[in-house]
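[1] 3D, please:
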Amino acid sequence: MDLSRDTDDDLRMRLAQIDKEISNAEWRLSNRKEEREGIEKELVRRAEEARIALLPPVNRSARALASGEPESAVPDYRDINPATGMQKEYIVLTKEERERDFVRPLRDAYRHLKCWYDNDGSEGPKVGT
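    Presented below is the predicted three-dimensional model:
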């Protein structure tokens, strides 16, 4: 289903019609629920795309290390620290670029699908639950 050619108003009208049909004959319209979810996702995607389009562009060449030092200050930043198993440093946008605007949400929690354990960073995953 390609919704890219429909206008937002067309999609909203389709949502309203689908809601009416679901309330009248929900047991016969289970396949329309998937279509409705697709339309809702498309509207959310478009809204986010429109929000991001209004933001000023990010200068991706303005890079620094996570410590705040310039990239050239630590030429071996990609080397692995044997104590942590992680790189010595990581490249990020400069502080000025990060402060310009919030672009995408940071995921600070997840739900482990196998055991449905919510991990918000406060404790490790519960194995075997």
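[2] So which residues of the protein form strands?
    Listed in chain order, the strands of the chain (DSSP state E) span residues 63-65, 80-81, 86-87, 91-93, 110-112, 117-119.
[3] where among these is the average confidence lowest?
    In terms of mean pLDDT, the lowest-scoring of these is strand 117-119 (a mean of 54).
[4] Show me what counts as buried in the longest helix seen in the chain.
    Using DSSP state H to assign secondary structure, the helix with the most residues in the chain is helix 30-54. Burial within helix 30-54, assessed by neighbour count using 16 or more other C-beta atoms under 10 Å, is assigned to 32, 36, 39, 42. All C-beta spots, glycine's among them, are computed from the backbone N, C-alpha and C.
[5] how near is residue 53 to residue 46?
    When C-beta to C-beta, to the nearest Å is the yardstick, residue 53 and residue 46 sit 10 Å from each other.
[6] again with residue 10
    In this structure, residue 10 lies at 12 Å from residue 46, with C-beta to C-beta as the measure.
[7] ok, for residue 11, nearest residue in space, not its chain neighbours?
    Closest residue in space to residue 11, ignoring its immediate chain neighbours: residue 39 at 5.3 Å, by C-beta to C-beta, 6 or more residues apart in numbering.
[8] Please report how far the one you found lies from residue 47.
    13 Å.
[9] re earlier: check contacts around the residue nearest to residue 11.
    Residue 39 makes contact with 3, 11, 14-15, 18, according to C-beta atoms under 8 Å, 6 or more residues apart in numbering.
[10] mind running it again at 6 Å?
    Contacts were defined as C-beta atoms under 6 Å, 6 or more residues apart in numbering; by that measure residue 39 touches 11, 14-15.
[11] how about low-confidence regions in this protein?
    When residues are selected by pLDDT under 70, those of the chain lie in 26-31, 101-129.
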